[in-house]
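# Got a predicted model here, sequence first, then my questions.
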Amino acid sequence: MPKVETFDRKQVLQNATNVFHKNGYNGTSMQDLVDATSLNRSSIYNSFGSKLGMFMEVLTHYRSCGKDNMKKELIHTHNASDSIKAIFNMYVEDILNDTNKKGCLLVNCKSEMTNQEPMIKSFMEQSQDQTTAMLEDIVYKGQMEKIFNQDQTAAQYALYLYSAIQGLRMTGILNNNKEELDNLVNTILKALY
């Protein structure tokens, strides 16, 4: 009979997220995870399988929280233009609130681990596909509403916006000047109009 977990999995994942976010995957030791989660090594291995297993669950949890936050922002928008602006404003706010300048865990992971671990590469491809599909849907609606131009297809603009978000997140590690970030966002979004 499998052992029943006697710890708060959400809290353990949050603590592990903090460590991976601060140190990266390669910079995080199993002892760091033991210290952060208050679990012993055998509990980590029994519950997550490995450091990589824990990291994958952390990434999934982090992405899920990001999606939930985005849904909360998008529920208040009235058209495609408002939606795209809300998404970028959410990321600017994340940058401004990131006082430790850690950046986005997913973006950091993409640059650190995508070419090292097939499971992470697959996760990151899936994440990119989901995000670009959402952006494509918004852009398509904006094009049909005659809000956005049709100089490019919705799919092309979606990839452009996704790339711009990645760049914005990286820029935000070194620059948290709201005015400059807002100007950058305005420059990015001009391509749609």
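Nice, thanks for sending it over.
# could you point out which element follows the top helix by length along the chain?
When the chain is scanned for its longest helix (criterion: DSSP state H), the result is helix 118-144. Counting by DSSP states H and E, the next helix or strand C-terminal to helix 118-144 is helix 154-174.
# re earlier: same for the longest helix of the chain, what does it pack against?
When contacts are defined as 3 or more C-beta pairs under 8 Å, 6 or more residues apart in numbering; DSSP states H and E, helix 118-144 packs onto helix 51-74, helix 80-97, helix 105-113, helix 154-174. For glycine as for every other residue, the C-beta is placed from the backbone atoms N, C-alpha and C.
# Would you reformat those helices as TSV and include mean neighbour count?
TSV is the format used below for these (neighbours: other C-beta atoms under 10 Å):
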stretch	mean neighbour count
helix 51-74	16
helix 80-97	18
helix 105-113	18
helix 154-174	17
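# Adding mean pLDDT and distance to residue 13 as columns, could you present those in TSV?
Output for the helices and strands packed on helix 118-144, formatted as TSV (pLDDT from 0 to 100; distance: least, C-beta to C-beta, whole Å):
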stretch	mean pLDDT	distance to residue 13
helix 51-74	94	5
helix 80-97	96	19
helix 105-113	93	12
helix 154-174	97	21
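# can I get those in TSV with distance to residue 123?
Formatted as TSV, those follow (distance: least, C-beta to C-beta, whole Å):
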stretch	distance to residue 123
helix 51-74	6
helix 80-97	20
helix 105-113	9
helix 154-174	16
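# quick one: contacts for the residue positioned nearest the centre of the chain?
The centre of the chain sits closest to residue 106, judged by C-alpha atoms, centre = their mean, with a distance of 4.6 Å. Going by C-beta atoms under 8 Å, 6 or more residues apart in numbering, residue 106 touches 59, 62, 63, 66, 124, 127.
# isn't the last one right up against residue 63?
I take that to be residue 127. Yes: Residue 127 is in contact with residue 63 according to C-beta atoms under 8 Å; the separation is 5.8 Å.
# so how many other residues sit close to residue 118?
By the measure other C-beta atoms under 10 Å, the count of residues near residue 118 is 9.
# got it, and the one 3 residues further on?
As a burial measure, the neighbour count of residue 121 was computed by other C-beta under 10 Å and equals 14.
# do you know how far it is from residue 131?
Residue 121 sits at a distance of 16 Å from residue 131 (criterion: C-beta to C-beta, to the nearest Å).
# before we move on, what about residue 174?
Counting by C-beta to C-beta - residue 174 and residue 131 are separated by 23 Å.
# No further questions, thank you.
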